[in-house]
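# Pasting the sequence and the predicted coordinates here, then a few questions.
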Amino acid sequence: MSKSLSEVTSKTETIPSSNFKNFKKREHCFIGLYQYKQGANLTGEVFLAKPRAFHSFAIVNRRRQGKIMANGEPKSYSSSLQLALTILGTVTGMTILIVGITMASTYAPEPHQQPLILKIHSISVSGLNVSCFLTSTRWDISVLFANRHSVLEMSIHRFESSLYYNYSNPISCAVVEAMHLGPKKQRLVEMQFNSAQCGDEQPYVEDWVLEGIKEDEEKGEIRLVVGMKLMVSYRTGILGWDYDLKPDCPELHVELLPGTGNGGVTFDHPKICLLQLRN
């Protein structure tokens, strides 16, 4: 069995610390008497001890130090840090959620007052020829796209538009490229309806529709309607909303010069297309 600390210290003799080096070659070894106070090692007086007794004392002392490191302050500090990080993460997440909900409810487009405004300013026609099934006819329509919102940015994806006779009979096509409108910005777009815009598949025009257009030409006036299907994205910061819009545009009365195939009209008051938001 290993000797106790009292047995070790009973066989020691105190020596001056200045003579410590002179005793290195003796069969005894020098150790410090360690006292444990509040987790710290304090050196006491220098004494002589047998090697075996010193070995046992050192092992006991190392075991005590191991318990201090395992059960003392480092473990408590780690637990406190983990708790603090958990609380901080929870508070941050709740703050982001509340801010996001508040901004979404504040800036989300209203169905009854959406940001996009469409106004038709003018329409012109050239090369109207019923005998050629309207393939050489060109219709140019000026449409104002405006964003009246003071915060939201607007992106309108590329879309196709159709020109209708008698509301439900398509007679020509137009393709409009994508556009971006910042807050309180607008853009005047020239929509060109012709056979080239329709691609390989041209609208099929019934015979009775051709007859109606011929009669309207002779009268000097034709009535048309612009149809559009839009995909619009609204953005502010990290928030965004996407909508499919189908504008409801009014009927356009276009004046024609009989026998020329040409005509047009510029409206004193632009024709407004009504819009309803649909997710």
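Perfect, thanks for sending it. Numbering: from 1, shown residues only.
# quick one: low-confidence parts of the stretch 51-200 of the chain?
51-75, 97, 99-113 (pLDDT under 70).
# Okay, buried residues for stretch 149-164 please.
Within stretch 149-164, the residues that count as buried by 16 or more other C-beta atoms under 10 Å are 149, 152-154, 156, 159, 161-164. The C-beta positions use only the backbone N, C-alpha and C, and glycine is treated the same way.
# end-to-end on it?
31 Å (C-alpha to C-alpha, to the nearest Å).
# With stretch 184-198 instead?
The separation between the terminal residues of stretch 184-198, taken as C-alpha to C-alpha, is 33 Å.
# Outside of that stretch itself, list whatever touches it.
For stretch 184-198, the surrounding residues in contact (C-beta atoms under 8 Å, 6 or more residues apart in numbering) are 117, 121, 134-150, 161, 163, 172-176, 179, 181, 202, 226.
# count of neighbours near A178?
10 (other C-beta atoms under 10 Å).
# Outline the domain layout of this protein.
5-71, 116-273 (automatic domain parsing).
# ranking the ones you listed by burial, who's on top?
By mean neighbour count, with neighbours taken as mean count of other C-beta atoms under 10 Å, domain 116-273 ranks first of the domains of the chain at a mean of 16.
# measure that one end to end?
One end of domain 116-273 to the other measures 10 Å (C-alpha to C-alpha).
# quick one: the strands in the stretch 101-250 of the chain?
116-126, 138-147, 153-156, 159-165, 169-176, 179-181, 185-193, 221-228, 230-236, 239-245 (DSSP state E, counting those that start in this stretch).
# Dump the second one to PDB, keeping only the CA atoms.
Output in PDB follows, covering the C-alpha atoms of strand 138-147 (Å, rounded to 0.1, in the frame of the first residue of the first chain):
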ATOM      1  CA  ARG A 138     -50.400  45.800 -89.300                       C
ATOM      2  CA  TRP A 139     -51.900  47.200 -86.100                       C
ATOM      3  CA  ASP A 140     -49.800  49.400 -83.800                       C
ATOM      4  CA  ILE A 141     -51.100  50.100 -80.300                       C
ATOM      5  CA  SER A 142     -49.400  52.400 -77.800                       C
ATOM      6  CA  VAL A 143     -49.900  51.200 -74.200                       C
ATOM      7  CA  LEU A 144     -48.600  52.900 -71.000                       C
ATOM      8  CA  PHE A 145     -47.300  50.500 -68.300                       C
ATOM      9  CA  ALA A 146     -47.000  52.300 -65.000                       C
ATOM     10  CA  ASN A 147     -46.100  51.300 -61.400                       C
END
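# Quick one: closest of the strands of the stretch 101-250 of the chain to V91.
Nearest to V91, of all the strands of the stretch 101-250 of the chain, is strand 239-245, at 21.6 Å by C-beta to C-beta.
# any idea which helix or strand carries S76?
Under the criterion of DSSP states H and E, S76 resides in helix 73-107.
# Now do the same contact list for E218.
Contacts of E218 by C-beta under 8 Å, 6+ apart are P258.
# Does S162 touch N169 like I think?
No. Judged on C-beta atoms under 8 Å, S162 makes no contact with N169 at a distance of 9.8 Å.
# The domains of the chain: which one's closest to T92?
Per C-beta to C-beta, nearest to T92 of these: domain 116-273, 15.3 Å.
# residue contacts, the spatially closest residue to Y167 that is not a sequence neighbour?
Closest residue in space to Y167, ignoring its immediate chain neighbours: V225 at 5.4 Å, by C-beta to C-beta, 6 or more residues apart in numbering. Residues near V225 by C-beta under 8 Å, 6+ apart: 163-165, 167, 249-252.
# Just the closest of those to S79, please.
C249 (67.7 Å).
# Correct me if wrong: the closest one contacts P270.
No. Using C-beta under 8 Å, C249 is not in contact with P270, being 11.1 Å away.
# Can you work out which residues contact both of the two?
I120.
# quick revisit: can I get the domains of the chain in JSON lines including distance to T95?
Listed next are the domains of the chain as JSON lines, based on distance: least, C-beta to C-beta, whole Å:
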{"stretch": "domain 5-71", "distance to T95": "37"}
{"stretch": "domain 116-273", "distance to T95": "14"}
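# Can you pull out the residues in contact with the helix or strand hosting V254?
Using DSSP H and E, V254 maps to strand 252-257. With contact meaning C-beta under 8 Å, 6+ apart, strand 252-257 is reached by 120, 123, 125, 128, 216-217, 220-226, 262-265, 271.
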